[in-house]
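[1] Everything below, folded, please.
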Amino acid sequence: MSNQQLGSAMWRYVGTERPGFAVTPGPGQESVWDYPRPPRVERDARRIEVRVGDACVAKTDHALRVLETASPPTFYIPPADVDLQQLMAAAGSSHCEWKGEARYWSIRTDDQVLQQVAWSYPAPHEAFASLRDHIAFYPGRVACYVDGIRVQPQPGQFYAGWITPELVGPFKGAPGSEGW
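    Take a look at the predicted model:
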């Protein structure tokens, strides 16, 4: 059995059927319950910005977003569109069953260091090769914007989905959602 098949077997919901407690999307809305598991990567041409105070850390209209059942999308920004001089390698790593080993990044400003506010996959699994070296940011730790609208962070401390107005949930991360 492949890693993706094993991972799919772990989850109760895989995007093939919206559960009864999920909000039904209206016109122009997306339900996170319609996203697949394993996740899908897609291009997003909206203007994505990441800011710390007045400083712009990243700005792109070439982001990739990862869509996974029950979670708001996570946006990955090409390294060419990130001010890498503001980033510094952070301690720690994590493993994603789909994407592989992640490394973490902190942001250094003139007066502070914000620890582990971003991550990237230097050598992702083949199915997620498009994410190589793209950088994702936690919207609960830095200010993240999609087309000028500040996103809301996904509930919980571990997840990093970006909640935008067109999304409906509920979203994984709240207490009791561990098996979603």
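
[2] check contacts around residue 108.
    By C-beta atoms under 8 Å, 6 or more residues apart in numbering, the contact set of residue 108 is 86-88. To be clear about C-beta, it is placed using only N, CA and C from the backbone, and glycine gets the same treatment.

[3] On the pLDDT front, check it for me.
    pLDDT recorded at residue 108 is 93.

[4] who's it bridged to?
    Residue 108 forms beta bridges with residue 113, as assigned by DSSP bridges.

[5] Quick check: the gap between it and residue 160.
    As judged by C-beta to C-beta, to the nearest Å, residue 108 and residue 160 stand 20 Å apart.

[6] Take the contacts of residue 108 and write them to CSV, including neighbour count and pLDDT.
    Listed next are the contacts of residue 108 as CSV, based on neighbours: other C-beta atoms under 10 Å; pLDDT from 0 to 100:
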residue, neighbour count, pLDDT
86, 18, 96
87, 19, 97
88, 12, 97
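
[7] Would you tell me which one of the residues you listed comes nearest to residue 63?
    For the contacts of residue 108, the residue nearest residue 63 by C-beta to C-beta is residue 87; the value is 16.8 Å.

[8] my read: that closest one touches residue 103, true?
    No - contact between residue 87 and residue 103 fails when scored by C-beta atoms under 8 Å: they sit 10.8 Å apart.

[9] show me where this structure has helices.
    Taking DSSP state H as the test, the helices found in the chain are 3-10.

[10] What residues sit buried inside stretch 80-92?
    For stretch 80-92, the neighbour count (16 or more other C-beta atoms under 10 Å) marks 81-82, 86-87, 90 as buried.

[11] need the contact list for the residue nearest the centre of the chain.
    Centroid-nearest residue in the chain: residue 74, 1.9 Å away (criterion: C-alpha atoms, centre = their mean). Counting by C-beta under 8 Å, 6+ apart, residue 74 touches 65-66, 136, 160-162.
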